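**Q** structure, please.
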Amino acid sequence: MVDAQILDNTGRPSFRIIRTRSDSSGTQTWVQDGTYFITPLADQVEVIEDNLRFIKLHLPFTINFNWKGNRYLSLNPFSSKYSFDNDDFMNDWNYRYLQFDDSLTIGNKVVKNIFTLSHIDESVNAPVSNLAAYGSKSWSVEKYSKNIGLVYKEFILWEYQPNTGGSTGYKTGFGVKQWIINNN
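**A** Sure thing, here's the model as predicted:
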């Protein structure tokens, strides 16, 4: 929900968005699940979420156009929460428009005018099949729909460290999946 138009810390017009969530079927009560900010500019759209600033969209709007969507992030933005290295150099990820679709079924909903945006797709020993070797997965994709906005998001960032003592190692990181249930 667009809560209010505000000015960002540099004086640019922005919008404060209140995000709500429900269960995967949309049958439970919707509850507030955070706030983020959108700043539309002449050739790009910036989003600030969890105090991290991203350039989510950028012109020209053509297949394979790429840009540094995380350029405002620090060297390892998740270091305070996770002990892994695959968030190093996130500020160098190349966002790119991957494909445009007339329609796409997401869950039980047919959504029209979809475009897919890829942020990263890198993995080593993933899924972990060699317990004696390092493994990691960095994968992020978003799907947007004209006149709706973000309709699907998946972000996976984890690392597996083998135990040099011979026992099973450990995996640390996270994965987030969001999708549209309904819109107005």
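**Q** can you tell me the helix or strand for the spatially most central residue of the chain?
**A** In the chain, the centroid-proximal residue (C-alpha atoms, centre = their mean) is residue 155; its distance is 5.1 Å. Residue 155 belongs to strand 149-161 when assigned by DSSP states H and E.
**Q** check which element follows that strand along the chain.
**A** Per DSSP H and E, the first helix or strand lying C-terminal to strand 149-161 is strand 170-179.
**Q** would you mark the buried spots in that next one?
**A** Across strand 170-179, burial judged by 16 or more other C-beta atoms under 10 Å covers residue 173. Every residue, glycine included, has its C-beta placed from N, CA and C.
**Q** give me the sheet partners of that strand and which way each runs.
**A** Using DSSP bridges, the strands paired with strand 170-179 in its sheet are strand 149-161 (antiparallel).
**Q** distance check, the residue nearest to the centre of the chain against residue 62.
**A** 24 Å (C-beta to C-beta, to the nearest Å).
**Q** likewise for residue 136?
**A** The gap separating residue 136 from residue 62 is 31 Å, by C-beta to C-beta.
**Q** higher neighbour count, these two?
**A** The neighbour count for residue 136 versus residue 62, taken as other C-beta atoms under 10 Å, is higher for residue 136 (20 against 9).
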